[in-house]
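Visitor: what's the 3D shape of this:
(3 chains)
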Amino acid sequence: MDGARLKLTGIAKSFGPKAAIRRIDLDVAGAEVHAVCGENGAGKSTLMNILAGVLQPDAGTIEIDGRAVAIPDPHAAARLGVGMVHQHFTLVPSLSVSENIYLGRQIKRFGIFTDRRAMDARARELIDRYDFALDPKAIVSDLSVGQRQRVEILKALAFDARILILDEPTAVLTPREVDELLAVMSRLRERGASILFITHKLREAKSVSQTVTVIRDGVSVLRMATAGVSESDISRAMVGRDIAAPLRAADAAPSGAAFKPVLALENATMLSAAGRRRLDDVSLVVHAGEIFGVAGVDGNGQTELAEAVAGLLAIQGGRIELEGDDITSLSPAARRQRGLGFIPEDRMDRGLGLSMSVAENIAAGNYQRAALSGGGLIAIARRDAFADERIRRFDIRGANAATPVGDLSGGNMQKVVLAREFERAPKLLIVAQPTRGLDVGASEFVHCQILAAAERGCAILLISSELSEILALSDRIGVMSQGAMVGVVERAAVSEAEIGMMMSGGRAGAAAMAS
Amino acid sequence: MSVSLFIASVLTQTAPILLAALAAMFTQRANILNVAVEGMMLAAAMAAIAVGDVTGAVGVAILAGAACATVLATIFAFVSIVLRADFIVAGLGVNLLAAGGTLFILEEVYQNPGGLRPDTFPEIWALRGDWLNAIPILGPALQGASVIVLFSLVLVPLSWVFLYRTPLGYALRASGEDEHAARAAGIRVPRMKFLAVVFSGVIAGLAGSELSMDRLHFFLPNMTSGIGFIGLSAMLFGAGTPWRTAFAAFLFGVAEAAGDRLQSFQVAPEIVLMTPYLAAILGLVFARSRIVAGARPAKLGASAP
Amino acid sequence: MIATFLGLWRSARGSLGAIVVTLVIGFGLVVLVSDDPVESYRQLLFASFASKANFVLYLNRATPLILIGLGIVFAFRAGVFNVGGEGQLYMGAITCAAIGIFLAGWPGVLVAALCLIGAVLAGALWGFWPAFLKTGLGVDEVVTTLMGNFVALLIANFMVTHALRDATAYGATSLMLPQDSWLPSIPGLPNATIGFPVALVTAAVAWTVLFRTEWGANLRAAGINARFAETIGIRPKREIIRAMIVSGALAGLAGAFYVLGVGHRFEQNFSPGFGLMALTVALLARLNPFGVVATGLFYALMLNGAAYMQIETDMPRSLVNLLTGLLVLLMTVDVRRRGRARVAA
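Guide: Okay, the predicted model is just below:
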């Protein structure tokens, strides 16, 4: 095809001293699905925001259909036929489907009033054209995640987007919804749209795209026809080296007398205010020195599981036992007293007090245990020395005891959380999404720490939406789907494909596997 | 007959509360709790009397009140949106500025800290006419209702239409509910917020003018005595929606009017005066809008050595 | 050592800047308005030191500002926007007056002690109920505490015009409290309330509690990030209630010191708005207890000086009220610069 539909040359973008994009070239043909792969922080989202008009590049040119263009704002992007479907939905919950589609560009009656009837009609037209099965009058807050995503896509399509950008669309979908989405993408391509498919899920990239571009550390490093590369080729380009083999030895978990249960959940059930089962009859046991991995797509009850065990959310049915004692009605403080540690999935939201110092964050809750106070007063010198020692041991960069934790990078922040929790020598450690938002080096460090804790006899409940992480670290794996634990398997006895089936098929999938 | 009189006094008491509540509603939809309504009203009340005294023209006085409140609103908007300061502290600052400023002008310009009482003052235009008596109950109740009172009644359905049936209203609601989504839709969120605050200044200015000019014709220091905050409570009770807010404002207006009636029953004036404030607190307990988003007093502090 | 000073400087420079700008603008205003601007400002800033009597009044004004300010520091740092200092002050003052008058025959020391305790409890109660509404029912505390100010003032007015009224006195004031229950003055400074040194000590205690005890660390964590506090095992709601009780108690104490130590009676509307002024003091001090002493002393200086300024020159004392508003606005401008946390990915 002569002349690409979308051509980016020499794009660069920095935020202050940090270069998010150093040099990216991108070449997208008409009527193709073009996968853009890269790790977290590689620059994919920044690039897409530039195309969507949300950000402006510091350097480089953008050409659409051979003509150089500038995209100063989202409206301009829409006019040029670029439609962006964000990873984090940009929908106003209290408005309807059609109101969201036409937000900011409404059809007017008499110039001042919103013409809702016309908007509903046009939305209905669009929905039918692409076979999306939505009600234009439905309020967005009532829709499921998959449905909301379709509304996002409609937003892009509503203005004749010929270049559609999908930013990590499958991160929040169940495997069945993923297949539906991939089918939609193919349908759109058949109608002539060019689709930029941002993902780090290589299987999906392979299955639906014609061309793949890999971005690593802000630079585009690979551009090939999908048919000509394997998944491992792509991942090597993304990471710069081969992905490491599983980190946990197959027989690392203790056996015999040392293998005693530490955490036991029996039929734990949690109901939402609307009566929906956020946790559905979950039972599991984690033993001392064992790493129990909980796999599943984000949003299937993992957060609820972690917070229920930590005592931050209450369960309406069932029991939780710690070393045989019923802790179901105990407060988080009491549970922590008994040896529970928790590394929450969002370190900035739950894990840290950002404007407090490193020393205060590490000492929080540990004053009695680490003898940092005496006679009611905190021994400052001792607290700071305590912090300094942990800073050294956990290699927390860019900090001393007095540095406000919010000044640190993501990886170092996570290390502060680890320092605090590991300090307690917990008997049970709940670890949720430990490497989310971290670069490769920090992730490796965190994995080492988790493994070391297990070596010391700590029972670890590891919850992660990164299946590769679960497979690398776990002894046993439980899969969550729709709030239920649909199956528990030995890691050595299962393959990634089988787990995927359990994630999508729920209990039925697990049963099919067992037969 | 006395029902109509009661309704009439309710309307007069309610109008400033209603306008204050509606002013706060617009900013609330942009996710800003406008605690500065009180100060804006106070400044407007004084400006209206001062200008009305000098010019003898009611219309100019009302405009002056609205303009004065709008100036304060612009300061509030600038400090809290452009400079991104904490909007509660900024709002309190505006209130302090208004209280201090009006007192200062009273002492400096008028040499009278007790208040500004012009000997003669023009009457605000009010609805009058025998034809009103033909309408049962409501007719006589509207007898003598000032133009601002009438406007406040009309503003309720108007603001409903604005919020729910115009593109600008949608943009405002989106800006308050989900900034990210609004921005992605191309809406200039800071600009929307700014406009919402400035507009609320205009409405608050009308509230202040009504307070000092309707039936009273004078200005006293701290004359607003919390009406702005009561309006705020009404808005929170109504979850920022026009009709529910108006309903709550009326309830508080009834509380005030009833309080006046209680005076004749030998109840101590102090107890009587408490009624609207207690009503406001009660209203907040049952309000739909809960904790104010984004208010974080702890971040105003420096960490100690 | 140097690092500490640098840190202090960085925290303080915003407030200092705001103060300087406000004083400059104030001076500009005075130049425009007054016939003798230099004398006006001289009175404003220095009259408090002109004589012992002036100095005494200055200290007496500083005491409630510091005490209420300290209370606000506790509340704000725990995450509660307590704007009800004025109401808590009045509740403490009226309770103190009521106890003192009703127990008139009892031994003086006992009466004084009971008055103080009663005032503290009353203030604490007035701080407790908005906190209860907040933690129990999710009601925003800004408007409730503001409403509480009005209600407290009316309660106090009611008491002073009915039950406690001194019919012989001019204006609405209560009966005098029994002489033997009056608090002693600072030795060497007749009529200077003993509350002032108490306020200084309280500041030191407050700082120690906030920054050198586990409870203080927990309270601050709850204010900075309630979800984080929860995860650690702290109960944010409990911290909020405790902080508000302390906050109200300190304001109540200020009220007691005023009634017992200064006026020896309750005068209607005795407070020129100490509550909101203490808010300004606390904010200027960046919620640091020792800072509150400094800013409280500065603010009282202006407040006291304004009275002399009005007597000696043609500048009205409400200049200070005007400047207060300006000060708060200027201060919020800098606060935002600190508020923008540098969040890394």
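
Visitor: Got the phi and psi for the residue of the stretch 401-515 of chain A found nearest chain B?
Guide: Of the residues in the stretch 401-515 of chain A, the one nearest chain B is A:P404, at a distance of 6.9 Å by CB to the nearest CB. Every C-beta, even on glycine, is put in place using the N, C-alpha and C of the backbone. Comment: the main-chain dihedrals of A:P404 come out as phi -70, psi 130, following degrees, to the nearest 10.

Visitor: Find the residue closest to A:Q106 in space, skipping its chain neighbours.
Guide: The spatial neighbour of A:Q106 that comes closest, neighbours along the chain excluded (CB to CB, 6 or more residues apart in numbering or on different chains), is B:P167 at 4.4 Å.

Visitor: who's in contact with that neighbour?
Guide: Neighbouring residues of B:P167 by CB atoms under 8 Å, 6 or more residues apart in numbering or on different chains: A:Q106, A:K108, A:T114.

Visitor: I'd guessed the first one sits against A:M119; true?
Guide: So the one you mean is A:Q106. Yes. Under the contact definition of CB atoms under 8 Å, A:Q106 touches A:M119, with a separation of 6.8 Å.

Visitor: Show me the helices in chain C, by range?
Guide: In chain C, helices defined by DSSP state H lie at C:2-33, C:37-46, C:52-77, C:85-102, C:108-137, C:141-161, C:195-212, C:214-224, C:226-232, C:236-256, C:274-284, C:289-312, C:319-339, listed in chain order.

Visitor: Tell me which other helices or strands the shortest one touches.
Guide: Pointing back at helix C:226-232 there. The elements that helix C:226-232 packs onto, with contact taken as 3 or more CB pairs under 8 Å, 6 or more residues apart in numbering or on different chains; DSSP states H and E, are helix A:332-337, helix C:214-224, helix C:236-256.

Visitor: Check the longest one too.
Guide: When contacts are defined as 3+ CB pairs under 8 Å, 6+ apart, helix C:2-33 sits against helix C:37-46, helix C:274-284, helix C:289-312, helix C:319-339.

Visitor: Looking at the shortest one now, give me its mean pLDDT.
Guide: Spelled out, that is helix C:37-46. Confidence over helix C:37-46, taken as the mean pLDDT, stands at 86.

Visitor: That one near chain B at all?
Guide: No. Where contact is defined by CB under 8 Å from any CB of the partner chain, no part of helix C:37-46 touches chain B; the two come within 11.7 Å at best.

Visitor: center of chain C, which residue is that?
Guide: C:I68 (2.7 Å; CA atoms, centre = their mean).

Visitor: distance of that one from chain A?
Guide: Between C:I68 and chain A the computed distance is 25 Å (CB to the nearest CB, to the nearest Å).

Visitor: where does chain B come near chain A, residue by residue?
Guide: If contact is defined as CB under 8 Å from any CB, the residues of chain B in contact with chain A are B:161, B:165-167, B:169-171, B:173-174, B:177-178, B:180-187, B:299, B:303.

Visitor: So which of those residues are in helices?
Guide: Per DSSP H, the residues of chain B next to chain A map to helices at B:161, B:165, B:167, B:169-171, B:173-174, B:177, B:180-184.

Visitor: As CSV, the residues you listed with distance to B:V51 and pLDDT would be great.
Guide: Converted to CSV, these look like this (distance: CB to CB, whole Å; pLDDT from 0 to 100):
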residue, distance to B:V51, pLDDT
B:V161, 32, 94
B:R165, 36, 92
B:P167, 36, 91
B:G169, 32, 93
B:Y170, 37, 93
B:A171, 34, 94
B:R173, 35, 94
B:A174, 38, 94
B:E177, 39, 90
B:H180, 44, 86
B:A181, 43, 89
B:A182, 38, 90
B:R183, 41, 86
B:A184, 45, 81
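
Visitor: returning to that earlier point: who's in contact with the residue nearest to the centre of chain C?
Guide: Contacts of C:I68 (CB under 8 Å, 6+ apart): C:G85, C:Q88, C:L89, C:L250, C:A251, C:A254, C:F274, C:G275, C:A278.

Visitor: Does the closest residue to C:F158 other than its chain neighbours lie in a helix or a strand, and which?
Guide: With CB to CB, 6+ apart as the measure, B:E270 is the residue that lies nearest to C:F158, at 3.8 Å, once sequence neighbours are left out. Under the assignment given by DSSP states H and E, the secondary-structure element containing B:E270 is helix B:269-285.
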